[in-house]
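Asker: What shape does this take:
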Amino acid sequence: MTNNRSAGGKLWLLIGLFIAIFGIGMTITTNIVNDRKIDAMTAQCEEEGGIAQVSKEKSLLSTKYAFECKK
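Answerer: Got it, this is the predicted structure:
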């Protein structure tokens, strides 16, 4: 008689790895999109004659932004 429990454990391990990789990919994609939005907002502020002030706080996988356009 063999024990087939290890096959179920491997399946859950693969599911967990897939979820982790998907989450990291989405985090990186979101950071890239946010960088582009900040760049666009900065360009728009400068076109309107203002001074853009952007502060970034980076952690391991995410970035926190603060944007202000002073005219």
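Asker: now stretch 52-63: how far from the chain's centre is it?
Answerer: The chain centroid and the centroid of stretch 52-63 are separated by 11 Å under C-alpha atoms, centre = their mean, to the nearest Å.
Asker: buried stuff in that stretch?
Answerer: For stretch 52-63, burial by neighbour count (16 or more other C-beta atoms under 10 Å) applies to residue 52. (Each C-beta comes from the backbone N, C-alpha and C, glycine too.)
Asker: Can you tell me the centre-most residue of this structure?
Answerer: The chain has residue 27 as the residue nearest its centroid, 2.7 Å off, counting by C-alpha atoms, centre = their mean.
Asker: Please report the distance of it from residue 63.
Answerer: Separation of residue 27 from residue 63 (C-beta to C-beta, to the nearest Å) stands at 10 Å.
Asker: So which residues of this structure form helices?
Answerer: 5-47 (DSSP state H).
Asker: can you tell me which residues contact the nearest residue to residue 58 once chain neighbours are set aside?
Answerer: Spatial nearest neighbour of residue 58, excluding adjacent residues (C-beta to C-beta, 6 or more residues apart in numbering): residue 64 at 7.9 Å. By C-beta atoms under 8 Å, 6 or more residues apart in numbering, residue 64 lies in contact with 56, 57, 58.
Asker: Least confident of those residues?
Answerer: Among the contacts of residue 64, residue 58 has the lowest pLDDT, at 85.
Asker: what are the bridge partners for that one, then?
Answerer: residue 63 (DSSP bridges).
Asker: what do residue 27 and residue 63 both touch?
Answerer: Counting by C-beta under 8 Å, 6+ apart, no residue touches both residue 27 and residue 63.
Asker: quick revisit: okay if I get the contacts of residue 64 as JSON lines plus distance to residue 34?
Answerer: Converted to JSON lines, these look like this (distance: C-beta to C-beta, whole Å):
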{"residue": "56", "distance to residue 34": "10"}
{"residue": "57", "distance to residue 34": "12"}
{"residue": "58", "distance to residue 34": "12"}
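Asker: from those, which is closest to residue 23?
Answerer: If you rank those by distance to residue 23 using C-beta to C-beta, residue 58 comes first, at 17.8 Å.
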